[in-house]
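Colleague: Below is the sequence, then the predicted model.
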Amino acid sequence: MILNYIGNFTKIQLIDFNCMVVTTTPYTHYVLNFWDEKEKKKMKKRLSKIMALSLAIAMVSSSSLTVLAAPEATTNVSVENNVAATSLVKQTQYGAVKGTSTDTCNVWYSIPYAAAPTGDLRWAAPTAPASWATPLDCSKLGNKAIQSGTDYATGKTVVSGSEDCLNLDVYAPANANNLPVMVYIHGGNNQTGSSTEIDGTQITVDENCIYVSLNYRLGILGFNALPAFHTTEDSTGNYAMLDIAMALDWVRNNIAQFGGNPNNITVSGFSAGGRDVMTMLISPLFEGKFDKAVVYSGGMTVADEEESAEIMAKAVAPLVVEDGLFADTETAKSWLLSNDPAVVKYMKGIDADRLCQLMSNAGIRMSVFPHLYADDVVIPSEGFKTTKFNNVPVLMLTGETEFSLFSAYDGYFSGADMKALDAKTQNLAKSYAIEYGSEMYRIFNAQCSAEEMYGKYKNNMYLCQVRYGSNDSATRIPLMGSFHGIFVPMLTNNHSYGSFADFSNAGYQNMAHVFDQYLTNFMVTGNPNGEGLNKWSNWTSANPVSLVLDADSEKAIVSLENVSSSYGKIIGQMSSDDIVSENVKDLMGKNVLNGRWFSSTLDNYYKNK
């Protein structure tokens, strides 16, 4: 990803160089398609030049900074190599699958783990797919979950993906035998994203493991709290979590065929995927389905069912009016909140293209798109206050400047309030929001979870904070710091962050190697420590330490530190900050920092609704 100073573009993704997606918020996409091969090559070269120029401009510019993301990581598939030392045809419980080879490992893309959740299976628990008799071609990427975007050329909404999305990718080293298994849950606020978020071709080598990444239902198709769907005690609206549970069952039952150890499964996830993993730790549904957990920028979030139903009914009501069922949205909303079976029939008949566009402006705010319902079925009604956990070793990682990307994406900075301020004040306001938003976000991601779980959780918790890139780092990344996703280049060189900084330098690569060793040890034994590594103590209330990862230009800098803070302390620091005026603080607290995962204490302070 890179910084850019071009109009309102904030993100660009290239998908196999067939399609470019330009984003102006984290969940609003513009799609440009390239059909001609020469055009693709030209565009690839142009983008490289634009990215380099944009970064340079952003480094020296002091106004109206936005964010531009580099191409989404794509898989470099090659069949003309010797990696496929073992058969590419593997037998699963539903039928044989045939994969392909990359330069480093063998891959099976888009293996079905459940039937397509369409028709009567929309908003139902996933079911087994129909078996097949001949080997299924799994040599190419298949469907991701349906999600919406906007065509930049026309301004019209464009939908990508499919409801038929319950599939997973398996990456395995040649001749794999009884290796640890890493299962990855992608991020995207449980509204966007795909199994390709982190390429597994390097992870299988560096961590010597089997890597599984999956697709699951997103948006309102993955989380639906409307009462008409939940008229029995065992009903749940957490359909995406049911998908993930079924995928983990598939892994337990089939991964040995690919060289994995079915009794050594580590679940991992980033952002929304990390929050999903945290939920697995308290969910009775996930008992016995995994053996270890790794949470990247996750934290604890659950939603109230009744409040969620209100928000969803309000979002769906305009569709009801459009379709002529009721004349006004208030009446439509009341109907949607009823137990009328006609609500279910109507909802199952709505085109998925329309549904996936709902609540797409969430911006890490549960009040816009509520999900992970504490329904006492998948998630206990008391949420993370529970005393019952799936007590596996857990590793939680955060960056130090987690809010930088979200602040950069926030549309409030281009609105009337900010335009009324001079350029210097606008930039100070952004810096203020990034600094204190990041402080709150980083403790939310790891420390606050550890504090809530300690004394009730019957296994070790290991906390990690990546300092690399932050203001306190030996290697600073201007403007973005230790951003949301700073860990990704430690796991793969095929990533989308290369234009933020040079992650190929010796220092970062040494830090990545160190983290790879810790992660490998953790996957094997549940303890990250090993020969030649700095001791990583588990977190306790008496010794609340985190492993801090940094690097200079040549080598890693690893330390064990107490980096604890508190929301009260951070709000006190905000109050005493004299760099910005009280008016600017008020604007940031009520319009940018408000309503986020980490903002409940701040919202109480500012009396935000």
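Modeller: In hand now; what should we look at? All figures in this text were calculated on a predicted structure; none of them were measured in a lab.

Colleague: unless I'm mixing things up, N494 is touching I203, no?
Modeller: No - N494 lies out of contact with I203 (C-beta atoms under 8 Å); the separation is 10.4 Å. For every residue, glycine as well, the C-beta is placed using N, CA and C.

Colleague: the more surrounded of these two?
Modeller: Comparing N494 with I203 by neighbour count (other C-beta atoms under 10 Å), the higher total belongs to I203, at 24 against 18.

Colleague: Could you find the closest non-adjacent residue to that one?
Modeller: Nearest residue to I203 in three dimensions, chain neighbours excluded: Y211, at 4.8 Å (C-beta to C-beta, 6 or more residues apart in numbering).

Colleague: Using just helix, strand and coil, how would you label the one you found?
Modeller: strand (DSSP: H, G, I helix; E, B strand; the rest coil).

Colleague: Just list whatever residues bridge to it.
Modeller: Y211 has the following beta-bridge partners by DSSP bridges: Y171, M182.

Colleague: Now do the contacts for it.
Modeller: 170-172, 181-182, 184, 200, 203-204 (C-beta atoms under 8 Å, 6 or more residues apart in numbering).

Colleague: ok, of those residues, which one's closest to V321?
Modeller: Nearest to V321 among these: Y184, at 40.3 Å, using C-beta to C-beta.

Colleague: excluding its backbone neighbours, what's nearest the closest one?
Modeller: S213 (4.4 Å).

Colleague: Likewise for Y468?
Modeller: Among residues not flanking Y468 along the chain, D550 sits closest, at 5.2 Å (C-beta to C-beta, 6+ apart).

Colleague: same check, this time on M366
Modeller: Closest to M366 by C-beta to C-beta, 6+ apart is A303, at 5.6 Å.

Colleague: what about the one you found, how many neighbours?
Modeller: Using other C-beta under 10 Å, A303 has 23 neighbouring residues.

Colleague: what's the answer for R596, then?
Modeller: 21.

Colleague: Tell me how far it lies from S110.
Modeller: R596 sits 34 Å away from S110, going by C-beta to C-beta, to the nearest Å.

Colleague: and if you look at A423?
Modeller: 48 Å.

Colleague: Compare neighbour counts for the two and give me the winner.
Modeller: S110 (22 against 11).

Colleague: That one - nearest residue in space that isn't next to it in sequence?
Modeller: Leaving aside its sequence neighbours, S110 sits nearest to G142 (C-beta to C-beta, 6+ apart; 2.8 Å).

Colleague: contacting residues around the one you found?
Modeller: Applying C-beta under 8 Å, 6+ apart, the residues contacting G142 are 109-110, 167.

Colleague: I figured the residue nearest to Y184 was touching I198, is that so?
Modeller: Yes - between S213 and I198 a contact is recorded at 6.9 Å, counting by C-beta under 8 Å.

Colleague: so what sits against both of those two?
Modeller: Overlap of the contact sets of S213 and I198 (by C-beta under 8 Å, 6+ apart) consists of 184, 186.

Colleague: Where is the longest strand in this protein?
Modeller: strand 260-270 (DSSP state E).

Colleague: How far off centre is it?
Modeller: Strand 260-270 has its C-alpha centroid displaced from the chain centroid by 17 Å (C-alpha atoms, centre = their mean, to the nearest Å).

Colleague: all strands of the stretch 501-609 of the chain, in order?
Modeller: Along the stretch 501-609 of the chain, counting by DSSP state E, counting those that start in this stretch, strands occupy 546-551, 556-561.

Colleague: Output the below-cut-off pLDDT ranges for the chain.
Modeller: Residues of the chain that meet the criterion pLDDT under 70 lie in 1-86, 150, 152.

Colleague: domains of it?
Modeller: Following automatic domain parsing, one gets these domains for the chain: 1-72, 77-388, 393-609.

Colleague: Quick check: K430 vs K314, distance?
Modeller: Taking C-beta to C-beta, one finds K430 at 31 Å from K314.

Colleague: Equivalent analysis for A416, please.
Modeller: In terms of C-beta to C-beta, A416 sits 25 Å off from K314.

Colleague: neighbour-wise, which of those two wins?
Modeller: Neighbours were tallied for A416 and for K314 using other C-beta under 10 Å; the higher tally belongs to K314 (17 against 7).

Colleague: Just confirm that one contacts K333, I think it does.
Modeller: Yes - contact criterion C-beta under 8 Å: K314 and K333 qualify, at 5.7 Å.

Colleague: Check for me that Y432 belongs to a strand.
Modeller: No - with three-state DSSP as the criterion, Y432 is assigned helix and is not in a strand.

Colleague: how close does it sit to Q147?
Modeller: From Y432 to Q147 the distance is 33 Å (C-beta to C-beta).

Colleague: about what we covered before: buried ones in the longest strand of the chain, by neighbour count?
Modeller: 260-261, 264-270 (16 or more other C-beta atoms under 10 Å).

Colleague: element containing L428, please.
Modeller: Assigned by DSSP states H and E, L428 falls within helix 423-442.

Colleague: What residues sit buried inside that helix?
Modeller: Those would be 426-430, 432-442, for helix 423-442 by 16+ other C-beta under 10 Å.

Colleague: same deal with stretch 367-387?
Modeller: Buried residues in stretch 367-387, defined by neighbour count with 16+ other C-beta under 10 Å: 367-375, 377-380, 383-384, 386.

Colleague: now swap in stretch 493-509 and tell me
Modeller: So stretch 493-509, judged by 16+ other C-beta under 10 Å, has buried residues 494-501, 503, 507-509.

Colleague: got it, and stretch 536-547?
Modeller: Buried-residue list, stretch 536-547, by 16+ other C-beta under 10 Å: 536, 538-539, 544-547.

Colleague: Could you take those and lay them out as CSV, with extra columns for distance to A130?
Modeller: Shown next, in CSV, are the buried residues of stretch 536-547 (distance: C-beta to C-beta, whole Å):
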residue, distance to A130
W536, 46
N538, 46
W539, 46
P544, 51
V545, 51
S546, 48
L547, 47
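
Colleague: In the residues you listed, find the pair that's most separated.
Modeller: Farthest-apart pair in those is W536 and P544; separation 13.6 Å (C-beta to C-beta).

Colleague: mind checking the end-to-end distance for stretch 312-330?
Modeller: End-to-end distance of stretch 312-330 (C-alpha to C-alpha, to the nearest Å): 13 Å.

Colleague: how far is that stretch from where the chain is centred?
Modeller: In terms of C-alpha atoms, centre = their mean, the centre of stretch 312-330 is found 31 Å from the chain centre.

Colleague: which parts of it are buried?
Modeller: 312-317, 319-321, 326, 329.

Colleague: Just the CA coordinates for stretch 441-456, please, in CSV.
Modeller: The C-alpha coordinates for stretch 441-456 follow below in CSV (Å, rounded to 0.1, in the frame of the first residue of the first chain):
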residue,chain,number,x,y,z
TYR,A,441,-6.6,0.5,19.2
ARG,A,442,-3.3,-1.3,20.2
ILE,A,443,-4.4,-2.0,23.8
PHE,A,444,-7.8,-3.1,22.5
ASN,A,445,-6.2,-5.6,20.1
ALA,A,446,-4.2,-7.5,22.8
GLN,A,447,-3.8,-6.0,26.3
CYS,A,448,-7.5,-5.5,27.0
SER,A,449,-8.2,-9.1,25.9
ALA,A,450,-5.5,-10.5,28.1
GLU,A,451,-6.8,-8.5,31.1
GLU,A,452,-10.3,-9.7,30.6
MET,A,453,-9.3,-13.3,30.2
TYR,A,454,-6.6,-13.6,32.8
GLY,A,455,-7.6,-15.7,35.8
LYS,A,456,-10.4,-17.4,33.9
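
Colleague: Alright, that wraps it up for me.
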